[in-house]
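S.K.: Just a sequence and a predicted model for now, questions to come.
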Amino acid sequence: MQANKRLIKLSKLKLLKDKNQECELFKKYIKEKASSGHQLNILEAGYGRFWPLDMSGI
């Protein structure tokens, strides 16, 4: 009996250079979801009053 072979092509991972690039990636993703009408549920995880993402316009 021959095992089923499945090939999965994965996209290349992009390494982030710094915290600013990470924040920009998160902002882009959140804004895309918000603009398409998706409900956003954001869990605050210990940042307190500091939130590194500029969420103005959402």
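M.R.: Ah, there it is.
S.K.: Name the helix or strand for Lys27, please.
M.R.: Using DSSP states H and E, Lys27 sits in helix 19-35.
S.K.: For that helix, buried residues please.
M.R.: Ile30 (16 or more other C-beta atoms under 10 Å). The way it works is simple: take the backbone N, C-alpha and C, and place the C-beta from them, glycine included.
S.K.: helices and strands around that helix, which ones?
M.R.: Where contact means 3 or more C-beta pairs under 8 Å, 6 or more residues apart in numbering; DSSP states H and E, helix 19-35 is not packed against any helix or strand.
S.K.: Can I get it in PDB, CA atoms only?
M.R.: Only the C-alpha atoms of helix 19-35 are listed here, as PDB (Å, rounded to 0.1, in the frame of the first residue of the first chain):
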ATOM      1  CA  LYS A  19      10.200  46.700  16.600                       C
ATOM      2  CA  ASN A  20       9.100  49.500  14.300                       C
ATOM      3  CA  GLN A  21       8.700  47.100  11.400                       C
ATOM      4  CA  GLU A  22       6.800  44.700  13.600                       C
ATOM      5  CA  CYS A  23       4.400  47.500  14.700                       C
ATOM      6  CA  GLU A  24       3.900  48.500  11.000                       C
ATOM      7  CA  LEU A  25       3.000  44.900  10.100                       C
ATOM      8  CA  PHE A  26       0.500  44.700  12.900                       C
ATOM      9  CA  LYS A  27      -1.100  48.100  12.000                       C
ATOM     10  CA  LYS A  28      -1.400  47.100   8.400                       C
ATOM     11  CA  TYR A  29      -3.100  43.800   9.300                       C
ATOM     12  CA  ILE A  30      -5.500  45.400  11.800                       C
ATOM     13  CA  LYS A  31      -6.500  48.200   9.500                       C
ATOM     14  CA  GLU A  32      -7.100  45.700   6.600                       C
ATOM     15  CA  LYS A  33      -9.400  43.700   8.900                       C
ATOM     16  CA  ALA A  34     -11.200  46.700  10.200                       C
ATOM     17  CA  SER A  35     -11.800  48.300   6.800                       C
END
